[in-house]
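[1] One predicted model, sequence on top.
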Amino acid sequence: MASETRSYLLGRFYRTFAIELQRLDHIARAPVLSHLAETQAGLSVVRAYGHQKRFFATLLQCVDLHLLTSLVYESGQRWLGIALDYLGAVIVFVSSVSAVTVAVTSRERVPSALIGLAINYTLLIPTYLVWVVRSLSVVEMYMCAVERVHKYTMLKAEDYRKKALVAPDWPRQGKIEFIGASVGYSVALVGRSGSGKSTLAMALFQMSDLLEGVIRIDGMDLKSVPLHSIRSQVALIPQEPLLFSGTVRSNLDPKFDIQDEEIWRALELVQMKEYIKKLGKGLESEVQEGGDNFSPTSSLDAETERKVQAIVWKAFEKSTVITIAHQLTTVLDYDQLLADRRDSLLGRPHSPPLRCPYD
């Protein structure tokens with residue numbers, strides 16, 4: 001009974017620090033993978049500016065930290081193995097001495113074969129003891145992932161406001177109003193990094209909570225509109241291209257509720273129809289993870305920028321368009337320009353709708 005108590009205490013002590021070390025190992029591994037992915041994505045830029053040594057030194061620092069946690073974890077496993085072996089040796093010694101003592105002092109003769117069998121089974125105890133303790137420890141350590149998922153499930157979900165009513169054809173006019181809206185810092189569309197351009201777009205999709213003020217579309221406060229209606233009726237073209245592994249159709253129509261003709265019409269509008277046809281399988285053509293076989297990029301040359309702007313003018317001719325730009329040439333032909341100046345918005349006076357300059 002005493003040996004079982006000792007083995008339980010050893011296992012409990014080991015599991016306590018092993019679980020935390022496993023957690024640290026996962027935390028230390030993430031920077032290594034992230035740095036490798038970032039370096040691979042910007043390898044040409046790193047070489048162009050001659051920063052190979054700096055990136056290699058950063059990688060070594062991340063690897064050293066990860067190996068440090070792995071070393072401590074492996075050392076803990078070796079310690080457990082040695083401790084359980086010593087405990088098993090003590091159990092075998094005590095069992096052997098007890099068996100011989102009983103055989104010598106007993107009035108009835110105990111067969112030597114029975115004593116040998118008892119000692120033989122006792123020799124198996126250390127092996128099974130190590131196996132049981134390590135198995136329990138491994139199960140608890142791998143439950144760390146389940147624990148993290150459980151924590152995510154406990155996070156407060158967004159209020160989708162499903163009970164709110166909105167017209168099926170909302171919005172009709174596309175009139176967007178930001179009335180005293182504040183999301184923590186200055187709001188702008190044209191401004192330097194950190195001025196609030198992207199945050200303004202996130203607030204429009206109700207992904208950033210307003211500290212004060214309201215945002216209205218066609219006179220309706222977005223706080224009273226279901227999130228599904230907002231995010232299905234308002235479109236967002238992100239700065240960074242985002243493609244998932246699958247097919248062209250699954251990327252363009254995840255719910256598979258759009259007719260082929262509409263998808264081909266959209267591809268033709270963005271000048272991708274012929275390219276998709278050349279892939280051989282049309283809409284069922286494979287898309288690799290991250291769109292590697294399409295070579296997407298957020299950096300555009302002058303000619304590509306001109307084509308993109310022409311597509312925007314043509315596709316969204318009857319829509320309200322808010323553009324977050326990093327180049328002045330992108331927004332020079334827009335009706336309204338907003339700029340960040342000391343926590344306030346400066347705008348160019350509204351002018352009559354402009355004719356598409358790319359015709």
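    Perfect, thanks for sending it.

[2] Now do the buried residues in the helix or strand hosting His26.
    Element membership of His26 [criterion: DSSP states H and E] is helix 2-41. Using 16 or more other CB atoms under 10 Å as the burial criterion, the residues of helix 2-41 that qualify are 7, 10-11, 14-15, 18-19, 21-22, 24-25, 28-29, 31-32, 35, 39. Backbone N, C-alpha and C define where each C-beta goes, glycine included.

[3] Next: stretch 50-66.
    Neighbour counts over stretch 50-66 (16+ other CB under 10 Å) mark Phe55, Cys62, Val63, Leu65, His66 as buried.

[4] Which strand or helix spans the third one?
    Val63 belongs to helix 52-105 when elements are defined using DSSP H and E.

[5] what about the strands in this protein?
    With DSSP state E as the criterion, the chain has strands at 176-182, 212-217, 220-221, 246-247, 286-287, 338-340, 345-347.

[6] quick one: pLDDT of Cys356?
    Among the per-residue scores, Cys356 holds a pLDDT of 39.

[7] same question, Leu332
    pLDDT recorded at Leu332 is 69.

[8] What distance do you get for Val270 to Ile276?
    10 Å (CB to CB, to the nearest Å).

[9] typo on my end, Ala167
    35 Å.

[10] cool, and Ser137?
    To Ile276, Ser137 is 52 Å away according to CB to CB.

[11] and if you look at Val225?
    Using CB to CB, Val225 is found at 35 Å from Ile276.

[12] of these two, who's got more company?
    Neighbour totals were compared for Val225 and Ile276, and Val225 leads with 23 against 19 (other CB atoms under 10 Å).

[13] From what I see, the more buried one and Val166 are in contact.
    Yes - the criterion here is CB atoms under 8 Å, and Val225 meets it with Val166 at 5.3 Å.

[14] about what we covered before: for the helix holding Val63, name the packing helices and strands.
    Other helices and strands packing on helix 52-105, by 3 or more CB pairs under 8 Å, 6 or more residues apart in numbering; DSSP states H and E, are helix 2-41, helix 112-123, helix 125-153.

[15] What residue spans form the domains of this structure?
    2-153, 176-240+298-347 (automatic domain parsing).

[16] which residues sit against stretch 52-71?
    Identification of contacts with stretch 52-71 by CB atoms under 8 Å, 6 or more residues apart in numbering yields Leu21, Leu24, Asp25, Ala28, Arg29, Pro31, Val32, His35, Leu36, Thr39, Val46.

[17] Go through these and name the one nearest Ile125.
    Minimum distance to Ile125 across these is 27.2 Å, recorded for Leu21 (CB to CB).
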